[in-house]
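Chemist: This is a predicted model, with the sequence first.
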Amino acid sequence: MVLENLLYTENHEWVKVEGEMAYFGITDYAQHELGDIVYFEFPEIGDEVTAGETFGSVEAVKAVEDIFAPVSGEVIEINEALEDNPELANQSPFEDGWIIKIKLSDKSELEKLLDAKSYAALIGE
Amino acid sequence: MAKIGFDFPRNPRKTALYEVEDWYQNLLAERIGRPYESIKRSNFGEYDMAVNYLTSVFEEAKAIEKVAIFNIDHMAQIQFKGKDAVTFLDRVLPANVAEMKIGQCKYTLLLTENSTVLDDLIIMRLADENFILVINAGHDITDEERNLFADADYIVSLKKDGEDVNVKDISDKLVKIDIQGPLSYKLVTSLFGESVVKNRYKPEKNMRFFTFNEFEYEQAHYIISRTGYTNRWGWELYVPVEVAERQFKRIALGALELGGLVVGLGGRDENRISAGNFGLPLNGSEYDKFHTPSNAPLFKAAVDLNKENFIGKQALQKEIESNINKRMVLFITEGIVSHRGIYLDGKRIGTVTSSINSPNVSLEKRRFIGSKRKNVLDENGTAAIGLGWVSINPFEVDKEGKDILEKDGKAVRIKVEFFREDEEKNPKGKPVLGYISGDGVTPATAPKPLKHILNL
């Protein structure tokens, strides 16, 4: 499953842009590959994240994977619901399973991301 | 001489149960009301194996509390027949083959001259001059370019001129299906009758741990052994390929009726690490051409050092006499620690070789980690379990040099930290917390009398 209104990375993160803000998450493909998610490691509110660099990790039954920031910005909010229920990222990866919200520092970085069609092609859908 | 090992396959091979696994996936979709999707698969030993079915790895890892069914058709069976079979196998393998009774099986190893591990295996004695070796997946391939040498070809290369031993890969005739967990007795006897699990020498009694029977069912010939790589009560069934699909269906349906599941690679990996006080090593993870087996679980079962000779004995003896501290240890951690270094009081003592999250760690054991993670502290939470090699023994030893695993009636648990490392093996980043455990994850039930499960 790939949603039309999102942007994507080759590392299977998604970005949803709302004005100056953006939400990050991992894709349905990523959660499916990972299996049962048990734990997220988050950045702190106020941290700067940099496009292409790791800002946290997701731990599933067999592996722990770094999560890379699709674009740069300042962390405004983390999804506390994932602290109590990390499986939300399995059940609703594009909505309830969002990971962090950032204030974009360079909107031009968005142009480098994949659109839904390119991402769907990447994962063979 | 013609090689026995297969050529390297162009594509991963399919087990004889590949198609019927999809029947099971459809059945699951119907039974548990989830939408059908194709089975998640991964290459294991050049076989296309199910990681998990429509049920998750956690659900499947938990099935062992009732009954867990494994498709183990990717493992190979090599038959050794002939009047010199005993002396030949005894010269190669570290187990005492000559003293094996007909109907007995033994866990043992295939070693190099340097006593490092090529494979671990089960040997079964079917008759005075007839043995089957059950070996790991992928160890049936001989491919010079890829530097692969099938176990059978390696063993045959050690044969002396004139020795009367006939070696044959019979894997294509047998399909191995494992039935593990406390309800396995009920399932096996309801499907094949009680006689198949009786002691062949004392039919009024049940068969013992590490023995097997041969039986006929609907004109087909089966082998059933009281073994399995979970350290729980259980059986390994060798089904003739012609009836394997039909029997897999009966077994899978029976397991579902009892609240069990068919379990893929993921759940099986959990089940072997959570097995008993020490876990069970896996060839390719804990064992490889660089590791010797001393001070690993099952070493005493696998190796008879009183034997006059076997391949690797000299090197092994030398290592043991030098009083090495090296050990395989089991640990419980707040998260996955694959490939990390193990640190005791800031000092590096070893490396992780296996790590997987488990739903089978008790809350008491999870609390002991000292983690703040919610998933670790939840009533129905999880923690990671794993195995690794240490070069410094973290346990105190008694006068006889044995590790002290219990003090004042309590299991010894040693808190350690797990760090990622740079190329020079310096720790970096934040540690994952955990402890090396003297009491493992779940108790071993496999060798306990069957009377405990007869009336479940």
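Modeler: Looks like it came in fine. Residues are numbered from 1 along each chain as shown, chains lettered A, B, ... in the order given.
Chemist: Does residue B:27 fall in a helix, a strand, or a coil region?
Modeler: With DSSP: H, G, I helix; E, B strand; the rest coil as the basis, the three-state label of residue B:27 is helix.
Chemist: I'd like to know how many residues surround it.
Modeler: Neighbourhood size, residue B:27 [other CB atoms under 10 Å in any protein chain shown]: 18. (Each C-beta comes from the backbone N, C-alpha and C, glycine too.)
Chemist: how many other residues sit next to the residue of the stretch 1-150 of chain B found nearest chain A?
Modeler: Nearest to chain A in the stretch 1-150 of chain B, going by CB to the nearest CB, is residue B:57, at a distance of 4.5 Å. Counted with other CB under 10 Å, residues neighbouring residue B:57 total 28.
Chemist: Provide the secondary structure category for the residue nearest to it when sequence neighbours are not counted.
Modeler: Leaving aside its sequence neighbours, residue B:57 sits nearest to residue B:266 (CB to CB, 6 or more residues apart in numbering or on different chains; 3.5 Å). With three-state DSSP as the basis, residue B:266 sits in helix.
Chemist: How about residue B:251?
Modeler: Residue B:251 ends up helix, using three-state DSSP.
Chemist: shaky segments in chain B?
Modeler: B:1, B:323 (pLDDT under 70).
Chemist: Alongside chain A, which residues does it contribute?
Modeler: Applying CB under 8 Å from any CB of the partner chain, we find that chain B lies next to chain A at B:40, B:51-52, B:56-58, B:266, B:269, B:335-336, B:338, B:356-357, B:373-375, B:382.
Chemist: switch the cut-off to 6 Å
Modeler: Proximity of chain B to chain A, by CB under 6 Å from any CB of the partner chain, involves residues B:56-58, B:335-336, B:356-357, B:373-375, B:382.
Chemist: Enumerate every residue touching residue B:72.
Modeler: Counting by CB atoms under 6 Å, 6 or more residues apart in numbering or on different chains, residue B:72 touches B:176, B:178.
Chemist: mind checking how far it is from residue A:31?
Modeler: Distance, residue B:72 to residue A:31, by CB to CB, to the nearest Å: 29 Å.
Chemist: Now do the helices in the chain.
Modeler: Picking chain A for this. Taking DSSP state H as the test, the helices found in chain A are A:28-34, A:81-84, A:88-91, A:116-122.
Chemist: that's the wrong chain, I meant chain B
Modeler: Taking DSSP H, the helices of chain B run over residues B:18-32, B:57-62, B:85-92, B:151-157, B:184-192, B:244-257, B:265-273, B:299-302, B:313-321, B:363-368, B:374-377.
Chemist: which helices and strands sit right next to the longest one?
Modeler: It refers to helix B:18-32. In terms of contacts (3 or more CB pairs under 6 Å, 6 or more residues apart in numbering or on different chains; DSSP states H and E), helix B:18-32 is packed against helix B:244-257.
Chemist: Just the buried positions in the helix it packs on, please.
Modeler: B:244-245, B:247-248, B:251-252, B:254-256 (16 or more other CB atoms under 10 Å in any protein chain shown).
Chemist: what's next to that helix, contact-wise?
Modeler: Contacts for helix B:244-257 (CB under 6 Å, 6+ apart): B:16-17, B:20, B:24, B:67, B:69, B:175, B:187, B:191, B:239, B:262.
Chemist: Let's see if you can find the most crowded of those.
Modeler: residue B:67 (30 neighbours).
Chemist: Could you find the closest non-adjacent residue to that one?
Modeler: residue B:260 (3.4 Å).
Chemist: just residue B:150 next, same as before
Modeler: residue B:5 (2.7 Å).
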